[in-house]
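In: Sequence and predicted structure below; questions after.
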There are 4 protein chains.
Amino acid sequence: MNEHISASAAIGVVGATGYTGLEVLRVLRNHPRVRVAFATSEGQAGEASGLPGLALVDSAGAPLDEVALVFLCLPHGQAVAWAERALAAGVRVVDLTADHRPGSGRDAGAVYGMADLAADRVPGARLVANPGCYATGVQLALDPLRRAGMIEAAAPVVVSAASGVTGAGRTPRRELLFAEVAGDFRPYATGNGHRHLLEMRASLRGLQLVFQPHLLPIARGILETIYVPVKAGIDAAAVRAVWRDAYRDAATVRVTDATPTLAQVVGTDLLLLGAADNAGIEVPLVTVMASLDNLGKGAAGQAVHNMNLMLGFEPAAGLRC
Amino acid sequence: MNEHISASAAIGVVGATGYTGLEVLRVLRNHPRVRVAFATSEGQAGEASGLPGLALVDSAGAPLDEVALVFLCLPHGQAVAWAERALAAGVRVVDLTADHRPGSGRDAGAVYGMADLAADRVPGARLVANPGCYATGVQLALDPLRRAGMIEAAAPVVVSAASGVTGAGRTPRRELLFAEVAGDFRPYATGNGHRHLLEMRASLRGLQLVFQPHLLPIARGILETIYVPVKAGIDAAAVRAVWRDAYRDAATVRVTDATPTLAQVVGTDLLLLGAADNAGIEVPLVTVMASLDNLGKGAAGQAVHNMNLMLGFEPAAGLRC
Amino acid sequence: MNEHISASAAIGVVGATGYTGLEVLRVLRNHPRVRVAFATSEGQAGEASGLPGLALVDSAGAPLDEVALVFLCLPHGQAVAWAERALAAGVRVVDLTADHRPGSGRDAGAVYGMADLAADRVPGARLVANPGCYATGVQLALDPLRRAGMIEAAAPVVVSAASGVTGAGRTPRRELLFAEVAGDFRPYATGNGHRHLLEMRASLRGLQLVFQPHLLPIARGILETIYVPVKAGIDAAAVRAVWRDAYRDAATVRVTDATPTLAQVVGTDLLLLGAADNAGIEVPLVTVMASLDNLGKGAAGQAVHNMNLMLGFEPAAGLRC
Amino acid sequence: MNEHISASAAIGVVGATGYTGLEVLRVLRNHPRVRVAFATSEGQAGEASGLPGLALVDSAGAPLDEVALVFLCLPHGQAVAWAERALAAGVRVVDLTADHRPGSGRDAGAVYGMADLAADRVPGARLVANPGCYATGVQLALDPLRRAGMIEAAAPVVVSAASGVTGAGRTPRRELLFAEVAGDFRPYATGNGHRHLLEMRASLRGLQLVFQPHLLPIARGILETIYVPVKAGIDAAAVRAVWRDAYRDAATVRVTDATPTLAQVVGTDLLLLGAADNAGIEVPLVTVMASLDNLGKGAAGQAVHNMNLMLGFEPAAGLRC
């Protein structure tokens, strides 16, 4: 479609002072095809945006008619009105909040932008719901295995995950103060009720997901250790082979024979996948490990990936991979 | 037995410059019944031990005849000769290395000192093998549940654990440098082959254990998140009730209705246990969480606890609980 | 005076959920002569205080008639009314806020409790203004040198200081979030206008103080590197000799021939002092280094020290030194 | 000179597994004019270099004839022989070690590559001694002030500096282990004898420098707080004006009216300069603050800057600024 192909584009960033908004600006700064026409902040309008020569404006002052697409980097719950305003003005939307994701109750018109799995639907979308950070790692790790029929459906798939604190946002709260987080490691959202489960379940039908996140004393990065009950005869090598096939054209997904760590991906837009067999047990269980930067592949990186698909640029243009 | 009851005792610390040796000295400094007669170091003999007025001596210079008991805080593999020497001199031994633990091949004469589960065997022991840090949390969490018949034996019990770096010792290695560890989070010992599994399996017969440790960018502390397949009708409340009964007299084990975290236990000799149910799955799975300081309850705290039992002191004398 | 000598005492802690209040409770928990009768919190009344069996109460519910002394651990600016209420009820006060310190404009009736320098005035005081954390290190380092006439008055004395974030309090602010502080190091209060300068100048008359603090990515601890212009013939050895004489009876002040670091004092109520000469310059300048825990010697430790003096206990009773 | 102008070039990195070598590779990866022809490691030859498709080779296997220039990223003391070998082969050298810097005793033939101050000498150099990280901040901050006659020569200029641990190299040492560094802050090299002083003094003749470094619990970044005795009438505004004039064409030096912090420069090749006046003292003293990434502007960034000047590229080509 013609409308999806362009040499360059002007875009807007709505909510440019939170961690995801700042990261979107950081990625776009080095994007070869994009010019940031505005970046908004209600509380800091008039201050510097971080991009040379671009001051923050408030929502009312955002020149929506100058841009082809906006990124919504608002707190969860505040994106719906902005998306409506943008779409009404003919501006396409990548929404980084949870407001239009599966399970939100408002996902009717949105395309769920798990970019590496939805390359056919994203290009034509007007509104893309950018996936959650935890959900990105879990789905990209498990979806190819599920499709290949490798996972034993009768047993739970346990996702023991850990995230740096930027995943919790930039609004001041006592439990996120440096002196509370440093030297601590905490499970949270116990009981299998985390918001991202809705997304994961919508995409990974038939799996019994148990999702337990933990808070790391780290600014950024997610590592998910997933204990996957597999069918007889399936091992880590088979898992890696399926991934390599599924992601052979995916610039931002890497499969390693070694063990993924956070340090390898922080500051990048990569997802790193690894797998290991487990000795000494009677049922086959493969340990799957996925690491990504929650602000990179888990937010801004995938958002820009989606924008690239929507605007007809190279899929990995501007990405750190 | 008379020999086990004393008003006070002199003891020795063998290997007093590693993290466990330093921590044993720290605990003993405030112990009401103990005087440290010597502390050894091969490389730093003559330097200060950290205890007022006590200089380090080398092994040859250790006055074994002055003490009732020694703590062996050596690197793994170096404790056997020292234990033989001490026992031959009539000195009792608490060995903090892995050298006499179940699975070491040399555990014949040693009592495995999981203090809260072995209060009948430790008092009369000449040689106690102090449990590993990871194994302490796993066994104290699971043993009462296993005995109560709550765990489904056909399914794997997944232990997803994370430890601070002092668990890896104080010998310089590149992967333990500050700049390598800060901001990283790494799975290690993948494949279900960690040394502590031998201990865990010896004590938790009949369970299919999967143990996956991770390295935290934290100096000290262990949090173990254990995904326990339970029999029908068992839930987190039942788990907590069994623990409370099992540990009603245990000064260093606490059961919480909330979520255990590292910060609550670092610097103490406590083990903190919590449990949560998981919604939305077909098979019952209780998430069990255990937090402890790897140098406290996971090493020096339990070692002093064992010493207290051996010498007839109050079980929790000198402990930080 | 008879009233200052007691075998034991009941005390109250006002503002027990901030970092200094929590630390006062931690120190008092192990104090041999003190029982904590109440601990207040306006927002968390009814919750656990951290001390076994003691729930938090709000200010109105504090049984002031049961106690001999209260610690005021409130935000700066809120201590005046509480001090008046306590004094009117015949209860003595140790105020950990800045509200009654020199330079506050309200210090008339208060004794400035730099415990190691004011052992004659504190015992009889009804109201003690506990010194600021930065001021404690600077004054204890410089006061003996100033009195000994060692410091060159015509040149500035530069205090380049660094503190962990608990010094900034527990009220949530964006710049104190983990992700903002981790990996950063920031000068603040530039321009020589920090609040603690008022205290320092009041006690160190005749010196030209320049005080520049920095924020460390650390929970607790202060290190002050002080560049002291000294008179001809004065060197680091002379500085240490003066300190050793001045603090020969001070249990919480240590002088080292080596270099003070934070790790040596965090979690203690100690102040560690060191000094070094500087080669290759024409004017004599001694580098003085002082390290202390801002919550220990810099707050709760000194507050309890003052209480000990006021109530006739051993000066270092309950302190971690 | 014709030889200095080229469209692109092949280069080699000698010592590519230490922190500076890794950072040189990171910068070069995004350099528009450079191809890395080889990267050496004695201990890890055959392993991946971090650059796609480039395996590490040992020194003997380095194809020196293919490259125009080599970066020497070796431990201090090991660069002399390599520099001789390269120069003999007609290959130009940027030496990141201290081996050819002023004060090394071997600086005869080398140009000291403080790129922003030596743009006339570097282009024609065969061998450039890349400045030390601390020295870079100090010299770029003070040199323009010294030349402008702003600094009072009779008084000491105190540099109170703090650096992340990558500045100490990647060779394992106990004092650099995570558990030793985390939560600590330490002065080191007391006595005004740090190696970098030789460089600083060679360039800043006439100043009485006192240099006191501290170790931060941070991977990377340097902040230098410099207490500058200035002549009557000189203030922070005048200091900033002189800098802005001196660095008006310098892409990697920024002057701020606010306070420089580490977080603003980590991961970049920038130097950030700020200044503040000090109230309440009798002699004028301006506090100067310089922040830079020790691996960026303090090592790899400046090295690539020098290479750009030597090979006739844009001065800031490939730099993160």
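Out: Now that the structure is in, tell me what you want to look at.
In: show me what contacts the closest residue to A:G18 other than its chain neighbours?
Out: Nearest residue to A:G18 in three dimensions, chain neighbours excluded: A:R170, at 4.8 Å (C-beta to C-beta, 6 or more residues apart in numbering or on different chains). In this view, the C-beta of every residue, glycine as well, is placed from N, C-alpha and C. Applying C-beta atoms under 8 Å, 6 or more residues apart in numbering or on different chains to A:R170 gives the contacts A:17-19, C:174, C:177, C:179.
In: The same query, at a cut-off of 7 Å, please.
Out: Contact analysis of A:R170 by C-beta atoms under 7 Å, 6 or more residues apart in numbering or on different chains lists A:18-19, C:174, C:177.
In: Identify the residue spatially nearest to the closest residue to chain C within the stretch 201-321 of chain A, adjacent ones excluded.
Out: Here the residue of the stretch 201-321 of chain A nearest chain C is A:A219; by C-beta to the nearest C-beta that distance is 4.3 Å. Spatial nearest neighbour of A:A219, excluding adjacent residues (C-beta to C-beta, 6+ apart): C:A179 at 4.3 Å.
In: how close does the residue nearest to A:G18 sit to C:P172?
Out: 11 Å (C-beta to C-beta, to the nearest Å).
In: A:E199 too?
Out: From A:E199 to C:P172 the distance is 29 Å (C-beta to C-beta).
In: What of A:V34?
Out: Applying C-beta to C-beta, the value for A:V34 to C:P172 is 35 Å.
In: Pull the residues that contact the longest helix anywhere in chain A.
Out: Longest helix of chain A, by residue count under DSSP state H: helix A:133-147. With contact meaning C-beta under 7 Å, 6+ apart, helix A:133-147 is reached by A:114, A:116-117, A:151, A:157, A:159, A:161, A:167, A:196, A:199-200, A:203-204, A:206-207, A:213, A:222, A:224, A:226, A:228, A:239, A:242-243, A:246, A:253, A:271, A:273, A:288, A:290, A:292, A:294, A:297-299, A:302.
In: Drop anything exposed from the residues you listed.
Out: Neighbour-count burial (16 or more other C-beta atoms under 10 Å in any protein chain shown) is assigned, among these, to A:114, A:116-117, A:151, A:157, A:159, A:161, A:167, A:196, A:199-200, A:203-204, A:207, A:213, A:222, A:224, A:226, A:228, A:239, A:242-243, A:246, A:253, A:271, A:273, A:288, A:290, A:292, A:294, A:297-299, A:302.
In: can you give me the helices in the stretch 151-300 of chain A?
Out: Applying DSSP state H, counting those that start in this stretch to the stretch 151-300 of chain A gives helices spanning A:178-181, A:196-203, A:236-246.
In: returning to what we had before: run through the residues that contact the residue of the stretch 201-321 of chain A closest to chain C.
Out: With contacts taken as C-beta under 7 Å, 6+ apart, A:A219 has the following neighbours: A:164-166, C:178-179, C:182-183.
In: again, 10 Å this time
Out: Residues near A:A219 by C-beta atoms under 10 Å, 6 or more residues apart in numbering or on different chains: A:19, A:164-167, A:181, A:266, A:294-295, B:183, C:177-184, D:263.
In: Could you export the helices of the stretch 151-300 of chain A as a markdown table, including distance to A:L311 and mean pLDDT?
Out: Converted to a markdown table, the helices of the stretch 151-300 of chain A look like this (distance: least, C-beta to C-beta, whole Å; pLDDT from 0 to 100):
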| stretch | distance to A:L311 | mean pLDDT |
| --- | --- | --- |
| helix A:178-181 | 38 | 98 |
| helix A:196-203 | 24 | 91 |
| helix A:236-246 | 25 | 98 |
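In: May I have the distance across stretch A:115-132, first residue to last?
Out: 12 Å (C-alpha to C-alpha, to the nearest Å).
In: what comes up buried for that stretch?
Out: A:115-118, A:122-123, A:125-132.
In: Identify the farthest-apart pair in those.
Out: A:P123 and A:G132 (21.8 Å; C-beta to C-beta).
In: For the buried residues of stretch A:115-132, give me CSV that also has pLDDT.
Out: What follows is those, written out as CSV (pLDDT from 0 to 100):
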residue, pLDDT
A:A115, 97
A:D116, 97
A:L117, 95
A:A118, 90
A:V122, 98
A:P123, 97
A:A125, 97
A:R126, 97
A:L127, 97
A:V128, 98
A:A129, 97
A:N130, 98
A:P131, 97
A:G132, 96
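In: is it true that the residue nearest to A:A219 touches A:V181?
Out: Yes. Assessed by C-beta atoms under 10 Å, C:A179 is found in contact with A:V181 at 8.7 Å.
In: got the residue ranges for the strands in chain A?
Out: Under the criterion DSSP state E, strands of chain A are mapped to A:9-14, A:34-39, A:69-72, A:92-95, A:111-112, A:127-129, A:156-163, A:186-187, A:208-215, A:222-229, A:253-255, A:271-277, A:285-292.
In: any chance of those in CSV, plus distance to chain C?
Out: Shown next, in CSV, are these (distance: least, C-beta to the nearest C-beta, whole Å):
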stretch, distance to chain C
strand A:9-14, 19
strand A:34-39, 18
strand A:69-72, 20
strand A:92-95, 23
strand A:111-112, 28
strand A:127-129, 25
strand A:156-163, 11
strand A:186-187, 12
strand A:208-215, 9
strand A:222-229, 14
strand A:253-255, 25
strand A:271-277, 21
strand A:285-292, 17
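In: okay if I get those as CSV plus distance to B:A110?
Out: Formatted as CSV, the strands of chain A follow (distance: least, C-beta to C-beta, whole Å):
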stretch, distance to B:A110
strand A:9-14, 64
strand A:34-39, 66
strand A:69-72, 62
strand A:92-95, 61
strand A:111-112, 58
strand A:127-129, 59
strand A:156-163, 33
strand A:186-187, 35
strand A:208-215, 35
strand A:222-229, 33
strand A:253-255, 45
strand A:271-277, 32
strand A:285-292, 32
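In: and the closest residue to A:F185 other than its chain neighbours, how far is that from D:A279?
Out: Distances taken as C-beta to C-beta, 6+ apart put B:L262 closest to A:F185, at 4.6 Å, once the chain neighbours are dropped. Between B:L262 and D:A279 the computed distance is 44 Å (C-beta to C-beta).
In: how far away is the residue nearest to A:R35 when sequence neighbours are not counted from A:G312?
Out: The shortest distance from A:R35 to any non-neighbouring residue, by C-beta to C-beta, 6+ apart, is to A:A10 (5.0 Å). Distance, A:A10 to A:G312, by C-beta to C-beta: 15 Å.
In: same question, A:N278
Out: 45 Å.
In: Looking at those two, which one has more neighbours?
Out: A:N278 (24 against 16; other C-beta atoms under 10 Å in any protein chain shown).
In: Could you name the helices and strands sitting against the helix or strand bottoming out on mean pLDDT in chain A?
Out: Here the helix or strand of chain A ranked lowest by mean pLDDT, DSSP states H and E is helix A:196-203, holding a mean of 91. Packed against helix A:196-203, as judged by 3 or more C-beta pairs under 10 Å, 6 or more residues apart in numbering or on different chains; DSSP states H and E, are the following elements: strand A:111-112, helix A:133-147, strand A:156-163, strand A:208-215.
In: which of the ones you listed sits most buried?
Out: Highest mean neighbour count among the helices and strands packed on helix A:196-203 (mean count of other C-beta atoms under 10 Å in any protein chain shown): strand A:156-163, with a mean of 26.
In: anything in contact with each of C:A179 and A:V181?
Out: The contact lists of C:A179 and A:V181 share A:164-165, A:168, A:218-219, where a contact means C-beta under 10 Å, 6+ apart.
In: which of the residues you listed sit farthest apart?
Out: A:A168 and A:I218 (11.9 Å).
In: Now do the shared contacts for those two.
Out: A:181, A:294, C:178-179.
In: so who does the residue nearest to A:A219 touch?
Out: A:19, A:164-170, A:176, A:178, A:181, A:218-220, A:295, D:263.
In: Narrow the residues you listed to those that are buried.
Out: Counted by 16+ other C-beta under 10 Å, these give A:19, A:164-170, A:176, A:178, A:181, A:218-220, A:295, D:263 as buried.
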